[in-house]
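Peer 1: got a sequence here, can you model it:
(chains A and B)
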Amino acid sequence: MSEITRSSSPARKPRKKKKNQIPFGLLVLIGIVVVGILLGQKSGSLAMFWVFGCCFGYILQRSRFCFTASLRDPWISGSTAITKAVLIAFAITTIGFTAIKYGTFINSGYIPGQGYIQPVSLLTVIGGLMFGIGMVIAGGCASGTLMRVGEGFTMQMLSLVFFIAGSLWGAHDMGWWTLNFAATAPRIFLPDVFGWIGALVIQLAIIGLLYIAADKFEKKKLGITDEE
Amino acid sequence: MAEYTLDCLGEACPVPLMKTEKKMAELEIGDVLVVSIDHSCAMKNIPDWARKVGHNVEVEEVDDGEWEIVIEKLK
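Peer 2: Presented below is the predicted three-dimensional model:
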């Protein structure tokens, strides 16, 4: 890629000298460790949550990983780079979760986290639609909003306030929704239906097909014949 | 060889990208567009889009959390 010549740039702002951020970084790192140790004295799992949370936030911020963009960019710009990244993440978590669940099941006969299997119902569709509209307007999903509040993007501090308000409102009305729409809906755990290996293969195959579709979609939409 | 600027400071994704797409359509080949952004996700998706469409792109961090994306229209 050639350099862009910018000789004719009258409106250039004089460059401010940037502050060295490394001392701040070290202070924050020390702070994280201190808080981690304090939490660890209270309970081991609190400290673990703290460490995982910090790592997750760091990776999210550095990688610019964005669930909103993964579903929004295909329609706006035709770019599916982040869509593909999310699909890869789904594939990895599929394998990881299967390993955790199957491993525990083999060793102790019970499957962890089964309470999180939600009924398949109209609620999923309505909720998905509302969440989708909301996250595009707000400029980020839950993790993205939190991350950008940390970056200091003021508009999303407002998003966060209403995100919390909306979550509380949703939790308040959830009983009514469940009673009217999801009470009789089935809770499906794929390994119950297809067996452990079958569920893993089917889920990975669907993710793989979506990946291929995303790739083709981008090339078609942007009119690319040869990927760089 | 004109240079245009587009101020997207304070705009959340996807607004900067959509504005850039519209503005780029108005430019002549060889023109340069400078987009100012402060939303980190625009720093990723605008260069991605522009490179895929086939323009020359450069990103500069002009201040902490503020970037300028320089796009040269090539086609």
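Peer 1: what segments of chain B are strands?
Peer 2: Remark: strands assigned in chain B by DSSP state E are B:3-8, B:32-37, B:56-63, B:66-72.
Peer 1: output the lowest mean pLDDT helix or strand found in chain B.
Peer 2: helix B:42-53 (a mean of 83; mean pLDDT, DSSP states H and E).
Peer 1: what's the nearest residue to the closest residue to chain A within chain B if we skip its chain neighbours?
Peer 2: Nearest residue of chain B to chain A, counting by CB to the nearest CB: B:A12, 2.8 Å away. To be clear about C-beta, it is placed using only N, CA and C from the backbone, and glycine gets the same treatment. Leaving aside its sequence neighbours, B:A12 sits nearest to A:G139 (CB to CB, 6 or more residues apart in numbering or on different chains; 2.8 Å).
Peer 1: that neighbour - how many residues pack around it?
Peer 2: By the criterion of other CB atoms under 10 Å in any protein chain shown, A:G139 has 25 neighbours.
Peer 1: I'd guessed it sits against B:G10; true?
Peer 2: No. At 10.8 Å, A:G139 and B:G10 do not qualify as touching, with contact defined as CB atoms under 8 Å.
Peer 1: so what's in contact with those two at the same time?
Peer 2: A:M155 (CB atoms under 8 Å, 6 or more residues apart in numbering or on different chains).
Peer 1: residue ranges with poor pLDDT in chain A?
Peer 2: In the predicted model, chain A carries pLDDT under 70 at residues A:1-18, A:224-228.
Peer 1: nearest to chain B: which residue in it?
Peer 2: Nearest residue of chain A to chain B: A:G139, at 2.8 Å (CB to the nearest CB).
Peer 1: quickly find the element holding A:T104.
Peer 2: Counting by DSSP states H and E, the element that carries A:T104 is helix A:81-108.
Peer 1: chain center to that helix, what's the gap?
Peer 2: Centre-to-centre, helix A:81-108 and its host chain are 14 Å apart (CA atoms, centre = their mean, to the nearest Å).
Peer 1: now do it against helix B:42-53, angle only.
Peer 2: 120 degrees (axes from the mean of the first three to the mean of the last three CA atoms, to 10 degrees).
Peer 1: buried stuff in helix A:81-108?
Peer 2: Neighbour counts over helix A:81-108 (16 or more other CB atoms under 10 Å in any protein chain shown) mark A:81-87, A:90-91, A:94, A:98, A:101-102 as buried.
Peer 1: what helices and strands are in contact with the helix or strand that it is followed by?
Peer 2: Using DSSP H and E, the next helix or strand after helix A:81-108 towards the C-terminus is helix A:122-138. Judged by 3 or more CB pairs under 8 Å, 6 or more residues apart in numbering or on different chains; DSSP states H and E, helix A:122-138 is in contact with helix A:67-76, helix A:154-177.
Peer 1: excluding its backbone neighbours, what's nearest the most centrally placed residue in chain A?
Peer 2: By CA atoms, centre = their mean, chain A has its centre lying nearest to A:F67, at 4.9 Å. Of all residues not flanking A:F67 in the chain, A:C141 sits nearest, at 4.6 Å (CB to CB, 6+ apart).
Peer 1: what's the neighbour count on the one you found?
Peer 2: For A:C141, the neighbour count with other CB under 10 Å is 21.
Peer 1: do the same with B:E3
Peer 2: 17.
Peer 1: just to check, it is in contact with B:D31?
Peer 2: Yes. Proximity of B:E3 to B:D31 meets the contact threshold set by CB under 8 Å, at 7.2 Å.
Peer 1: so the least confident helix or strand of chain B, near chain A or not?
Peer 2: Yes. Using CB under 8 Å from any CB of the partner chain, helix B:42-53 reaches chain A at B:M43, B:K44, B:N45, B:D48, B:W49, B:R51, B:K52, B:V53.
Peer 1: burial of the nearest residue to B:V70 once chain neighbours are set aside, as a residue count?
Peer 2: Ranked by CB to CB, 6+ apart and with sequence neighbours excluded, the top spatial neighbour of B:V70 is B:E58, at 4.5 Å. Residues lying near B:E58 (other CB under 10 Å) number 16.
Peer 1: how close does B:E58 get to A:M48?
Peer 2: B:E58 sits at a distance of 42 Å from A:M48 (criterion: CB to CB, to the nearest Å).
Peer 1: sorry, back to before: what's near enough to touch the residue nearest to the centre of chain A?
Peer 2: The neighbours of A:F67, taking CB under 8 Å, 6+ apart as the test, are A:V86, A:M135, A:C141, A:S143, A:G144.
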